[in-house]
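Participant: From the sequence below, what's the structure:
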Amino acid sequence: MDMNKMIAKVGSAIVTVTVFMFALFLLINYSMGSFFVCLILPIGFIMMTAGLHNECENDRKVAANIGLTIAAVYATFIMLVYFTQLTTVNNEQLTDQAAKLLEMGKCGLIFNYDLLGYGLMALSTFFTGLSMKPKNKTDKWLRALMMIHGVFYFSCTFMPITGMFVKASSGGNGLGGRLALVAWCVYFLPVGILSFLHFRKR
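Facilitator: Okay, here's the model as predicted:
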């Protein structure tokens, strides 16, 4: 049994299931469920990215190394963000100032870290896609989706600097934000599925 392929395939399955569950929890507005699956997603993403890194040819190693390194940074940010939501925010009585910083819905510090984390995830997929040399239609689609996903780096990183999310959070119920995240899930779900098919074929 090829342990490398098996771990990468399991990681792809984790990505697929957690992204699907994230979309479901967003649609039913169950925040604790969405926080929990977002705590698991980075583990699967690193397993999947490491599998693609392991396969890449020598002339693409720099891109693969960058993709895997940024994936680890993404995972660090995101796991801290959602562990904070599930522990400190959920279990403690926060002061108003602490709530503004730590509660996801307040669009404060922790929300900005979340966006930065997913911006880094997008950058990771771009470089990981760049490291691939597709040999079939499945891999071509996977590579294209991963590289196009890299565009999200710019919006996730620079839009919070404008303060637009703070203004939006003060004027609505967050439905638009949830729908935008569901749209992201619809885009990213095929990445997990195609990665699973990729490792199963190989």
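
Participant: who's in contact with stretch 151-158?
Facilitator: 115-116, 118-123, 126, 184 (C-beta atoms under 8 Å, 6 or more residues apart in numbering). Backbone N, C-alpha and C define where each C-beta goes, glycine included.

Participant: Figure out how far it is from the centre of its chain.
Facilitator: Centre-to-centre, stretch 151-158 and its host chain are 13 Å apart (C-alpha atoms, centre = their mean, to the nearest Å).

Participant: Extract the CA atoms of that stretch and return them as PDB.
Facilitator: Output in PDB follows, covering the C-alpha atoms of stretch 151-158 (Å, rounded to 0.1, in the frame of the first residue of the first chain):
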ATOM      1  CA  VAL A 151      -7.300  35.300  -7.400                       C
ATOM      2  CA  PHE A 152      -9.100  35.200  -4.000                       C
ATOM      3  CA  TYR A 153      -5.800  36.100  -2.400                       C
ATOM      4  CA  PHE A 154      -6.200  39.700  -3.500                       C
ATOM      5  CA  SER A 155      -9.700  40.200  -2.300                       C
ATOM      6  CA  CYS A 156      -9.200  38.400   1.000                       C
ATOM      7  CA  THR A 157      -6.000  40.300   1.800                       C
ATOM      8  CA  PHE A 158      -6.800  43.800   0.600                       C
END
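
Participant: how about the helices in the chain?
Facilitator: Taking DSSP state H to define them, one finds helices in the chain at 3-27, 31-55, 61-84, 90-91, 96-102, 109-130, 137-149, 152-158, 164-169, 175-201.
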